[in-house]
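Asks: Structure of the sequence below:
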Amino acid sequence: MRHMWTGAKVRLRGVEPEDWEGFRDLTRHTVDARNADLVEPPRSAESFRSWTAERAGRPPGGEAFRLVVEGLADHAFAGAVTVGETDGRAGRFRTGIEIARDHRRKGYAAEATELVLTYMFAEQRFNKCEVEVYAFNDASLALYRRLGFVEEGRLRQHEFFAGGYHDVVLFGITADEHWATHERPGLR
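Replies: Got it, this is the predicted structure:
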């Protein structure tokens, strides 16, 4: 049986204190301009160390969690995937992905997202995943469309950062839509 948290290219794992440099680099090189030093004052290395150590000490799972995306070929920190804004009654959750600059365009974001979807739909019994993508982020728009997410709406001039207002595109995928193109996990 294949491990639920491991794909062909990546493994999802818990945050470790030594991941602080990877998270610092994600902040410096993210497509989400809100995290760039343009919008917020620069952070110290110690602030990244303490932030990462605090997250490493959290228990796994729960209503919101963050996992490190690790490349299988080199065992390097390749990014992070988050789950949050869970609504157990309605069966919805949100997810997001950030991939480090040196690891982009290798299929890591798609595979990490698919691993999270499989876990949340199969093991946590959620019915729908939602994501928000800035309208200027062509790579993420293409990623979610390729994964089978359906565009459900657009929030016009919804976020202000980097000197202007930006649209947010809303996407969603249901468990049935996911299972139509993916094998359900099971005992073999």
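
Asks: Pairing partners for the spatially most central residue of the chain in the sheet, please.
Replies: Central residue of the chain (C-alpha atoms, centre = their mean): residue 97, 2.3 Å from the mean position. Assessed by DSSP bridges, residue 97 has beta-bridge partners residue 81.

Asks: State the distance from it to residue 10.
Replies: Going from residue 97 to residue 10 by C-beta to C-beta, to the nearest Å gives 11 Å. Using the backbone N, CA and C atoms, a C-beta is placed for each residue, glycine as well.

Asks: Need the overlap of contacts for the two.
Replies: Residues touching both residue 97 and residue 10 (C-beta atoms under 8 Å, 6 or more residues apart in numbering): 69, 112.

Asks: Look at residue 178 and give its secondary structure.
Replies: Following DSSP: H, G, I helix; E, B strand; the rest coil, the label given to residue 178 is helix.

Asks: before we move on, the earlier item: show me what contacts the residue nearest to the centre of the chain?
Replies: 69, 79, 80, 81, 82, 109, 112, 113, 140, 143.

Asks: measure the nearest residue to the last one once chain neighbours are set aside to residue 152 for me?
Replies: Spatially, and ignoring its direct neighbours in sequence, residue 143 is nearest to residue 109 (5.6 Å; C-beta to C-beta, 6 or more residues apart in numbering). Residue 109 sits 20 Å away from residue 152 when distances are taken as C-beta to C-beta.

Asks: In a helix, residue 54, correct?
Replies: Yes: the assignment for residue 54 by three-state DSSP puts it in a helix.

Asks: and it, how many neighbours?
Replies: Residue 54 is flanked by 11 other residues according to other C-beta atoms under 10 Å.

Asks: Residue 59 now?
Replies: 7.

Asks: per-residue pLDDT, it?
Replies: pLDDT, residue 59: 85.

Asks: three-state assignment of it?
Replies: Going by three-state DSSP: residue 59 is coil.

Asks: Then residue 51?
Replies: Under three-state DSSP, the three-state class of residue 51 is helix.

Asks: so who does it touch?
Replies: By C-beta under 8 Å, 6+ apart, the neighbours of residue 51 are 20, 23.

Asks: Do you know the pLDDT at it?
Replies: Reported pLDDT for residue 51: 90.

Asks: Which element, helix or strand, includes the residue nearest to residue 157 when sequence neighbours are not counted?
Replies: In space, and not counting its chain neighbours, residue 157 is closest to residue 165: 3.7 Å by C-beta to C-beta, 6+ apart. In this structure, residue 165 sits in strand 164-174 according to DSSP states H and E.
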